[in-house]
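Trainee: model the following, please.
(2 chains)
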Number of protein chains: 2
Amino acid sequence: MLVADNLQILRLDIQEAAVRQDPTPIARLVRQMEKAGAEAVDLNAGPCQRNPEQEMTFLVRSAEAATRLPLFIDTANPRAMAAGVRAAGRPPILNGFSLEPRKLRKILPLAADYGLDIVGYLLDGDGLVPPDAQGRLSAGLALFEAAAAKGLSPERIIVDPVVPPLSWQDGIKQQREVLEVLRLLPDVLGRPVRTVAGLSNLTAGAPSGAPRQVVESAFLAMMASAGLSMALLNVFHNRTMASARACRALTSDTPFSWAALGPPQRPTI
Amino acid sequence: MLVADNLQILRLDIQEAAVRQDPTPIARLVRQMEKAGAEAVDLNAGPCQRNPEQEMTFLVRSAEAATRLPLFIDTANPRAMAAGVRAAGRPPILNGFSLEPRKLRKILPLAADYGLDIVGYLLDGDGLVPPDAQGRLSAGLALFEAAAAKGLSPERIIVDPVVPPLSWQDGIKQQREVLEVLRLLPDVLGRPVRTVAGLSNLTAGAPSGAPRQVVESAFLAMMASAGLSMALLNVFHNRTMASARACRALTSDTPFSWAALGPPQRPTI
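Mentor: Model (predicted):
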């Protein structure tokens, strides 16, 4: 599943729309994302520091009015998350929780109480990226234990292995740990598991003009081959989207068909 | 290592050059391939049915005069292979052998006698693609046994898992078997092993205008992540080549650098 990460409160037009409570810019952006191939939409409200409940309620209602696609409610603010859940007319996906105590206490229970899917990040209790695959896998086991303790069914959890920026000092090593984790996770958990990865983070901070989509496409293919179920990505990166369709064809069980790849891309040669 | 598969006797200009014994078209093509990023050149003489020894001698001498890049001598004809080895001023790589009796008897000994690297195909004794990963892995073990029997050091073998055309009825399954084989091979053989894969075969028979490079790029990334060491590919597919550079950066141990990806591609969005 291809989840658009383009709807972010940090975008000036979305921020202004939220302030004016004007759903038009949201609806326009959602339509563009659908046209680009989005299969779900992440509503990224960030920390929601000003009017958390009002902002999230507005985002959820505006997006639901504009599309039938599934929505991810993406915020670290428990009050905003709760407001989004209450405002939703259809079951949203919560994005997300981790082993941070505040999230275990205030966000995870929302998924249990409302019976919703929720993204679980492979971070430690301080919200930091573990140094290696083993640390991420341990975090995965702990996430499922915490969910069970709150009465949430394990099928509800969508694991996010946390894609690192390549600009990190150990970014090269970290991205390989992510691939390793995707490959090992079902065995470690002893069950099939849905996974989601935020692809845009890989090239965060890249200089303008850098061949970001080439790197995104290559890493997406590596993750797809390692078992990734969903990608959270910039759906306006048409080269990366074409690669995502190719990955889907290569990892599916249906006979290969060029038609499944959508319209041919503009040739670059 | 990126090995150009573009120099083929089946190309009309190369065929004519061979007939006229004119090295100019070979030199021109080799220069273009180097400029496109080739790191080695495969001299594909096919079955060499007319004048096998003369044709291969011409190809090897013309290519050696034009470039310092390593050359793969690619023919199923043992006499052509032997002629190529004799004509070469630098050690070539033989491409290649399989469990077919004629190749074990006539081509494999050339590698042993001259101390050359040789590509070993994971095919059965009839030269057919095994139906699953297990069959390919068994063929791999048998290739190394056959090489040992001829006195060839195992480090000399570069394994080719045989990339299938997606147009085959079971092409989708077969390409996943290739990835599985690449991942398992070092464990099955009990040693690190160099591998090479012919990428162009994946999209053989694709309709014109189909997004071949998108599919090539995705599968190349999957193979790179599974441990592939060398790709034999069309180096004039500039999108696939850009992806190959990204794969190298992602699978290397050196800190990531955008500069390593070469010049930014023309934006497609």
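Trainee: C-alpha only now, for contacts and for neighbours.
Mentor: Fine.
Trainee: am I right that A:Leu59 is in contact with A:Leu43?
Mentor: Yes: the pair formed by A:Leu59 and A:Leu43 meets the contact definition of C-alpha atoms under 8 Å, at 6.9 Å.
Trainee: the two: who's more crowded?
Mentor: Set A:Leu59 next to A:Leu43 and count neighbours by other C-alpha atoms under 10 Å in any protein chain shown: A:Leu59 wins out with 28 against 24.
Trainee: now the helix or strand harbouring the more buried one - C-alpha only, CSV.
Mentor: Assigned by DSSP states H and E, A:Leu59 falls within helix A:52-66. Provided in CSV are the C-alpha atoms of helix A:52-66 (Å, rounded to 0.1, in the frame of the first residue of the first chain):
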residue,chain,number,x,y,z
PRO,A,52,-4.1,20.3,18.9
GLU,A,53,-7.7,19.1,19.1
GLN,A,54,-9.2,21.7,16.7
GLU,A,55,-6.4,21.3,14.1
MET,A,56,-6.7,17.5,14.0
THR,A,57,-10.5,17.5,13.9
PHE,A,58,-10.3,19.9,10.9
LEU,A,59,-7.7,17.8,9.1
VAL,A,60,-9.7,14.5,9.6
ARG,A,61,-13.0,16.0,8.6
SER,A,62,-11.6,17.8,5.6
ALA,A,63,-9.8,14.8,4.3
GLU,A,64,-12.7,12.4,4.9
ALA,A,65,-15.0,14.7,2.9
ALA,A,66,-12.5,14.7,0.0
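Trainee: which strands or helices does whichever helix or strand comes after that helix pack on?
Mentor: Per DSSP H and E, the first helix or strand lying C-terminal to helix A:52-66 is strand A:71-75. Packing partners of strand A:71-75 (3 or more C-alpha pairs under 8 Å, 6 or more residues apart in numbering or on different chains; DSSP states H and E): strand A:40-46, helix A:52-66, helix A:78-87, strand A:93-97.
Trainee: direction included, what does the last one pair against?
Mentor: Strands that pair with strand A:93-97, judged by DSSP bridges, come out as strand A:71-75 (parallel), strand A:118-121 (parallel).
Trainee: now the angle between strand A:40-46 and the longest one, please.
Mentor: Relative orientation of strand A:71-75 versus strand A:40-46 (axes from the mean of the first three to the mean of the last three C-alpha atoms, to 10 degrees): 20 degrees.
Trainee: what's the offset of stretch A:132-152 from the middle of its chain?
Mentor: 18 Å (C-alpha atoms, centre = their mean, to the nearest Å).
Trainee: what comes into contact with that stretch?
Mentor: A:98-99, A:104, A:108-109, A:111-112, A:115, A:120-124, A:129-130, A:153-154, A:157, A:159, A:161, A:174, A:177-178, A:180-181, A:185, A:188-189 (C-alpha atoms under 8 Å, 6 or more residues apart in numbering or on different chains).
Trainee: then stretch A:165-176?
Mentor: A:131-132, A:163-164, A:201-206, B:250-256.
Trainee: same question for stretch A:205-213: list its buried residues.
Mentor: Under the neighbour-count criterion of 16 or more other C-alpha atoms under 10 Å in any protein chain shown, stretch A:205-213 has A:210-213 buried.
Trainee: could you identify the least confident member of those?
Mentor: Ranked by pLDDT, the buried residues of stretch A:205-213 bottom out at A:Ala210 (72).
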